[in-house]
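quick check, what structure comes out for this input:
(one chain, ligands or ions: 1)
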Amino acid sequence: MSDSSKILDGRKVANEIKDEIATEVEQLKSRNGKVPHLAAILVGDDGASHTYVNNKIKACKRVGFEYTLLNFPGTISESKLMTEIDRINNDEDIDGLIVQLPLPDHISAAKVTEKILPEKDVDGFTNQNYGRITSKNPGLMPATPYGMVELLKRYKVEIKGAHCVMVGNSRTVGAPMSTIMAYHEFATVTVCHIHTKDLANHTKQADILIVAAGKPELITADMIKDGAVVVDVGITRIDADNEKGYELKGDVKFDEVSQKAKLITPVPGGVGPMTIASLLLNTLKAYKNRIAAI
Ligand code: GUN
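Just a heads-up that it's a prediction; the model follows:
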């Protein structure tokens, strides 16, 4: 097992952020008579999605946010879902909206995501918020990348000038994270993906290695350099002979990579809680923007 001084403890940092938010919410409540309000849409009965959304609701309760959970059957039509999003967009009491992904095959995640009003898009998934990453005045930042940068900063990881290798070029994690690291944080960034030749040749160069490939245990100890900082975004349920019937695996082979890494995120308890903390921070920002606009 690894040494706890090597752990980038997302759960601990997320709890610190939640305490900070809860204190602010108390003040906002007495000043404005209203607390931030997050709405979450969950479609179908995917077990992992239920767990993630429940964790988001639990986090709202913990910081004193109001929340609304809308659970629709997997058979809901795309147009009905779009109407529901419109309704929430127009609900003046709601500050933030997330639609948990993945969605059933007959619904376009891109279309649904784009329907969310950018001012309420606390996942930071819309084209407008994505484009504003490279603005002097960013909108709502994509939650997972925002959380990872915050985690690195709270552990005082030197990002400026570091070589950051991003494994994964997804719209929600890899692409925005590589942009944020280069544009805002001045890292030197290499982006690897499914078509990258000789992946290990790149990952071995990383001072900071971020992995969001969705491939359990893709990264082994021989693929990193001594003293690298490793951030694992992957979280896959693997069938297991235990009470739950599954275990969670990251994209990094934790037991061996943690021997060589300087700092490493665990799975679970690393990036996941930080995504939720970012979601709360974005909801707080959306609320403040709305109050300021009234
Ligand atoms: N599915 C997996 N991760 C996420 C996330 O961060 N936000 C949403 N909305 N769905 C997800």
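
could you find the closest non-adjacent residue to the residue of the chain found nearest the ligand?
Relative to the ligand, the nearest point of the chain is Leu101 (3.8 Å; C-beta to the nearest ligand atom). In this view, the C-beta of every residue, glycine as well, is placed from N, C-alpha and C. Residue nearest to Leu101 in three dimensions, not counting chain neighbours: Ala109, with 5.6 Å by C-beta to C-beta, 6 or more residues apart in numbering.

again with Lys160
Closest residue in space to Lys160, ignoring its immediate chain neighbours: Phe186 at 4.5 Å, by C-beta to C-beta, 6+ apart.

does that neighbour count as helix, strand or coil?
With DSSP: H, G, I helix; E, B strand; the rest coil as the basis, the three-state label of Phe186 is coil.

which stretches of the chain have low pLDDT?
Applying pLDDT under 70 to the chain flags the ranges 1-2.

contact residues of it facing the ligand?
With C-beta under 6 Å from any ligand atom as the criterion, the chain comes near the ligand at residues 98-101, 123, 143-144, 275.

residue contacts, Val165?
Contacts for Val165 (C-beta atoms under 8 Å, 6 or more residues apart in numbering) come out as 189-190, 192, 202-203, 205-206, 208-210.

which helix or strand contains it?
Using DSSP states H and E, Val165 sits in strand 163-167.

sheet partners, orientation included, of that strand?
Strand pairing for strand 163-167, using DSSP bridges, gives strand 188-192 (parallel), strand 208-211 (parallel).

the shortest one: what's the following helix or strand?
Moving toward the C-terminus from strand 208-211, the next helix or strand (DSSP H and E) is strand 229-232.

so how far is that next one from its chain's centroid?
Remark: strand 229-232 is offset 14 Å from the chain centroid, using C-alpha atoms, centre = their mean, to the nearest Å.

what about the residue nearest to Leu101, how many residues nearby?
Ala109 has 15 neighbouring residues, counting by other C-beta atoms under 10 Å.

kindly report the same for Ala182.
16.

my read: it touches Val189, true?
Yes - if you go by C-beta atoms under 8 Å, Ala182 and Val189 touch, sitting 4.5 Å apart.

common neighbours of those two, please.
Contact with both Ala182 and Val189 is made by residues Cys164, according to C-beta under 8 Å, 6+ apart.

okay, helices next: where are they in the stretch 51-200 of the chain?
78-89, 109-115, 127-131, 143-154, 174-183, 199-203 (DSSP state H, counting those that start in this stretch).
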